[in-house]
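Undergrad: I would like to see how this sequence folds:
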Amino acid sequence: MKKKVLQIMMAVAVMVLMLTFGVSAKGEYLYKHSVPALKATYEYLDDFYIGKNKEFGRTLHYGSPSDIEAIKSTAKSIVKSCKTDEEKLDAVCKWVMENITYKVDTSNQFPIDVLVNRDADCMGYAYLISDMLRSQGIIAVPATGYRGNMVSTVDVNFIKDPDNVGHAWLFAYINNCWLLCDPLFDYLEKENPAENGKWYFINNIEGSMPYYEGIDYSIQGSGNIYKNGRFFAYSEKGLSLEGNHTTSVAHNVVYDFVSTCRYLDEDGGYDGNRYLVNNERQAKMISGECYSDGWITYCDMTYDYMQPNGVSFSNIIVKTGSDYYYYNLKLTGDIREHFLYKGNIVVYDGEKIPLDLMNKKELEERGMSQKYIILTDGKTDKGYGKIKIDNSGRVTVLEDGLVVVNVIAENKKGKEYVGVVVNLFVTKTTDYASCEHDRHIYKTVSETSATVKADGSALKKCVSCGKTLEVKTEGRKKLGKVTGLKVKAVTTSEVRLSWKKVSGAEQYKVYYSTDGKKWKSLKAEKNSITVKKLKSGKNYRFKVKAVTGKYTGKYSSILKTATKVGKATLKSLKSLKSKQVTLVWAPVSGANGYQVKYSTSKKFTKKTTKSVTVKKQKAKKVTLKKLKKGKKYYVKLRAFKTVNGKKIYGSYSKVKSVKIK
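TA: Got it, this is the predicted structure:
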C-alpha cells in the first residue's frame, strides 16, 4: 500500500507536494490559521455530527437506492472478516487504494461513479470511503482543504493564485474519537490535533466551514459557515446577506455535495428531463436512478446531487430582528410525494403548500402562526399562474403557472419573525404527471389528523397509474402538562384534588407521598379524585400526569398539603383562681398547635367570643386570665397543622362550661 502511495505522490508532486503553504492574500501564512481551523473542526464535528445529528454521519445521501445498495454490498464484502471498527477502516482504505486508480483530471467524484469507473481524485476517494464506512454503521465525514508542510515558506504568488490545487480526506469517529484519515498519503488514523495541524488546513466539511476567532475569509473561498449553532453564507469579503445554496431537503439538514456532473449537455448546461427521452444518455444512467425535469444548472463544475425523484430545494438568507442567517426550509410529508417542474415544486389544486418555516410546536411555543402572501398577480404578470391560499396553506388554483409566495411566521401582533420567498408551479391538471422511471405524481385522497396515539397521515394516489402512498403529515400530538392542581377538600383521612383537563387525555395518574421519595399511585378517569385511607395529621405531596394508552404527559408541579389532625379532647376545665380558668387536653397526633375559643354565650356569638392560639406542639394545658368574676364560660378547642403557611384545623372538642371564681 505504501509503495503505491509513493508512486501516486511522485506523479502529483508538482501539484500537491508544493502545497507547503506560504502567505494568503492578506500576507499571513496559512499555517497560522491551520491549528485554530482544525480545533474548530473537531468542535464542529462533535456538535453537529455527534451532539445534534448522530445518524446523519451514518447516512448515505448521494445516490439512488440501487447506487446505495451497490456501495453497501461492496463494503460488506470488504469488511466481512473484520471484528473491530479500526479493522474495518483499515480494510476499506486499503481496498480503495488498491482498486481505485488515482487521476488528477477525472470527473468521477460521486461515490457510485468512483465505484463503477474505478478511478477518482482525492475527493472521490474521500466520499467513497466515507460512504462505505457509513454503510457499516461508522460515522464518517469528508473534508476538503489543503495539505502540506505548512511551517515552511514557498513562492508567495503560488498561494495568491486562486487556481492553487486543494485536497480532500475524511474524519472517522471510532472509539469516541475523531481520526483524520488521508489514504492518498498513507496518513491514517491520526488523532493528534497538534500534529494534524502541521499538515492540514480545513476549509470545507460537507459544504460547511466551522467558524473560529480570527478567521480569514479570503483564504476560505466562499460557502456556508457554521457559527454559534447556525449556518451563515460567507464570501471572501466576509458574511454575506444574500444568495442561496442548493441543498437536499430529504434530511432537513444543511449540506452540499460539490462535484462534477456526469450527465452534461454539449453546451455545458443540464436539464435532467432530456435524459428521460434520450436513449443514448439513458444508457449512461446507473440502474434505478430517477431524475426529474427540474434539475437545471450550468457548467461551472459545481453541481448538487438530487434525491431519486429529483426534489431539491434552496436555503435562503432570512432575517430575525437584526440577525441574518441561513434558514433551512422543510418540505412537509414524504419526500416521494413531491415533484419538480422546471425547477419548481408542483402544487396541485386543493393541496397544501408543502413548506414549513418551523414545526408546529415551535410556532405554538412562540405564540406564532404561519402566513402566506402571494407576490405575483396572475392578471398583470405575464406567464404567471393565479391562486388563492387559505390560512392553512391550502391552494385553490385559478390559472396554471408559476407563482411567487412569501411564507412568513408572525406573532399575534402581526410582527414578522422570519419570512422567505419561494417559487411554486401550480396546476389544476395532471398533464405534468408521469410514472416514467417510477416517478409517481401523488395527490391527496384522504387525510387523518394527528392524535395523541398516532401521527397525522394522508393517503396519496398517483394521478397517472393509481399507485397509493400513505405519508406522515404531522407528528403525534404530545399530551400536555397537568396544570391547576389544587385541594378541594380535606378530612382526617382524605384529600380531594382537582386540576385542569388536558386535551387528548383518556385518564390521569395521581401520585402521592409523605416524603417525596416513595410514591403510591391511583388512576382517575376525570380531572378530580378523592385520595382515601390517609393518615391524620400527616404531610402529603401530590403530583398528576395525563395518560392516553402508552403515552403520558409531563407531571404537574408538586402540591404540598396535609390531612386534618384528629378531634381534640378537652379533659378538664377548672377555675382555681379568681378571674382565671385552666384547660387540660389530650395531645393530638401530628398537631402543630391548638386554638382555644371561649365565650359567655353557649352559642359562641361573635361579640361574646374570644380565642387564644397555642403554638407549642406538645402543649397540654393553658390558663385563660382576666375573665369576668362570677360569669359562666363555655370553652372548646381544636388542633391545627400548618402547611405552606396555612393552618389546617381539626374538629372542635366537646364544649365544657365553668363558673369563674
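Undergrad: Going along the chain, name the strands of the stretch 1-150 of the chain.
TA: 101-102, 119-120, 139-147 (DSSP state E, counting those that start in this stretch).
Undergrad: Mean pLDDT and distance to residue 181 added to those strands, as a markdown table?
TA: C-beta: built from backbone N, CA, C; applies to glycine. Formatted as a markdown table, the strands of the stretch 1-150 of the chain follow (pLDDT from 0 to 100; distance: least, CB to CB, whole Å):
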| stretch | mean pLDDT | distance to residue 181 |
| --- | --- | --- |
| strand 101-102 | 90 | 16 |
| strand 119-120 | 89 | 15 |
| strand 139-147 | 88 | 8 |
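Undergrad: tell me the most buried of those?
TA: Among the strands of the stretch 1-150 of the chain, judged by mean count of other CB atoms under 10 Å, the one packed with the most neighbours on average is strand 139-147 (a mean of 23).
Undergrad: In the sheet, which strands lie alongside that strand, parallel or antiparallel?
TA: strand 167-174 (antiparallel), strand 200-205 (antiparallel) (DSSP bridges).
Undergrad: Could you dump those strands into CSV with distance to residue 452 and mean pLDDT added?
TA: Shown next, in CSV, are the strands paired with strand 139-147 (distance: least, CB to CB, whole Å; pLDDT from 0 to 100):
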stretch, distance to residue 452, mean pLDDT
strand 167-174, 37, 92
strand 200-205, 40, 81
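Undergrad: any low-confidence regions in the stretch 401-550 of the chain?
TA: 416-420, 432-440 (pLDDT under 70).
Undergrad: give me that answer again for 50
TA: In the predicted model of the stretch 401-550 of the chain, residues 437 satisfy pLDDT under 50.
Undergrad: go on, the chain?
TA: 1-28, 150-164, 240-328, 437.
Undergrad: where does the nearest residue in space to residue 47 that is not next to it in sequence sit relative to residue 554, distance-wise?
TA: Closest residue to residue 47 apart from its sequence neighbours, by CB to CB, 6 or more residues apart in numbering: residue 229 at 7.4 Å. Distance, residue 229 to residue 554, by CB to CB, to the nearest Å: 26 Å.
Undergrad: Pick out whichever of the two has more residues nearby.
TA: Taking other CB atoms under 10 Å, residue 229 and residue 554 do not tie; residue 554 has more neighbours (15 against 10).
Undergrad: The more buried one and residue 460, how far apart?
TA: For residue 554, the distance to residue 460 - CB to CB - is 35 Å.
Undergrad: same thing with residue 123?
TA: The spacing between residue 123 and residue 460, counted by CB to CB, is 38 Å.
Undergrad: want to throw the strands paired with strand 139-147 into TSV with distance to residue 531 and mean neighbour count?
TA: As requested, those are arranged in TSV below (distance: least, CB to CB, whole Å; neighbours: other CB atoms under 10 Å):
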stretch	distance to residue 531	mean neighbour count
strand 167-174	51	23
strand 200-205	57	22
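Undergrad: With distance to residue 213 as added columns, please give those strands in JSON lines.
TA: Below are the strands paired with strand 139-147 laid out as JSON lines (distance: least, CB to CB, whole Å):
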{"stretch": "strand 167-174", "distance to residue 213": "22"}
{"stretch": "strand 200-205", "distance to residue 213": "15"}
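Undergrad: So which of those is nearest residue 509?
TA: Closest approach to residue 509 among the strands paired with strand 139-147 is made by strand 167-174 (40.7 Å; CB to CB).
Undergrad: returning to that earlier point: between the strands paired with strand 139-147, which one is closest to residue 490.
TA: Across the strands paired with strand 139-147, closest to residue 490 is strand 167-174 (CB to CB), at 57.6 Å.
Undergrad: starting at the chain centroid, how far to that closest one?
TA: 26 Å (CA atoms, centre = their mean, to the nearest Å).
Undergrad: Repeat that for stretch 183-196.
TA: With CA atoms, centre = their mean, you get 33 Å for stretch 183-196.
Undergrad: Please point out which parts of it sit buried.
TA: Across stretch 183-196, burial judged by 16 or more other CB atoms under 10 Å covers 183, 184, 185, 186, 187, 188, 196.
Undergrad: which stretch of helix or strand covers residue 445?
TA: Secondary structure from DSSP states H and E places residue 445 in strand 442-448.
Undergrad: now that strand, how far from the centre of its chain.
TA: Taking mean C-alpha positions (CA atoms, centre = their mean), strand 442-448 and its chain are 27 Å apart.
Undergrad: for the strands paired with strand 139-147, which one sits closest to residue 345?
TA: strand 200-205 (28.0 Å).
Undergrad: show me where the stretch 501-650 of the chain has strands.
TA: According to DSSP E, counting those that start in this stretch, the strands that the stretch 501-650 of the chain contains are 507-513, 520-524, 528-531, 539-548, 551-552, 559-562, 569-574, 581-586, 593-599, 609-614, 621-624, 632-643, 646-649.
Undergrad: what's the closest of those strands to residue 146?
TA: Of the strands of the stretch 501-650 of the chain, nearest to residue 146 by CB to CB is strand 551-552, at 52.2 Å.
Undergrad: now the closest one, how far from the centre of its chain.
TA: With CA atoms, centre = their mean, you get 20 Å for strand 551-552.
Undergrad: Can you tell me the strand partners of it and which way each runs?
TA: Strand pairing (DSSP bridges) places strand 551-552 next to strand 539-548 (antiparallel).
Undergrad: The nearest residue to residue 87 once chain neighbours are set aside and residue 72, how far apart?
TA: By the measure of CB to CB, 6+ apart, the closest residue to residue 87 outside its immediate chain neighbours is residue 79, 7.4 Å from it. According to CB to CB, residue 79 and residue 72 sit 11 Å apart.
Undergrad: Those two: who's more crowded?
TA: Between residue 79 and residue 72, counting by other CB under 10 Å, residue 79 is the more crowded of the two (21 against 16).
Undergrad: ok, that one to residue 89 distance?
TA: If you go by CB to CB, the gap between residue 79 and residue 89 works out to 9 Å.
Undergrad: which residues are common contacts for the two?
TA: With CB atoms under 8 Å, 6 or more residues apart in numbering applied, the contact sets of residue 79 and residue 89 do not overlap.
Undergrad: before we move on, back to that, so the residue nearest to residue 47 sits right up against residue 44, yeah?
TA: No. Assessed by CB atoms under 8 Å, residue 229 is found out of contact with residue 44, at 10.2 Å.
Undergrad: about what we covered before: please convert the strands of the stretch 501-650 of the chain to TSV, extending it with mean neighbour count and distance to residue 52.
TA: Below are the strands of the stretch 501-650 of the chain laid out as TSV (neighbours: other CB atoms under 10 Å; distance: least, CB to CB, whole Å):
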stretch	mean neighbour count	distance to residue 52
strand 507-513	19	33
strand 520-524	13	36
strand 528-531	17	41
strand 539-548	21	28
strand 551-552	16	25
strand 559-562	18	37
strand 569-574	15	66
strand 581-586	18	65
strand 593-599	20	56
strand 609-614	14	59
strand 621-624	15	67
strand 632-643	21	45
strand 646-649	14	47
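Undergrad: do you know which of the ones you listed lies nearest residue 142?
TA: Closest among the strands of the stretch 501-650 of the chain, once you apply CB to CB, is strand 551-552, at 39.9 Å.
Undergrad: re the thing from before, in JSON lines, list the strands of the stretch 1-150 of the chain along with distance to residue 133.
TA: Compiled in JSON lines, these are given as follows (distance: least, CB to CB, whole Å):
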{"stretch": "strand 101-102", "distance to residue 133": "19"}
{"stretch": "strand 119-120", "distance to residue 133": "16"}
{"stretch": "strand 139-147", "distance to residue 133": "4"}
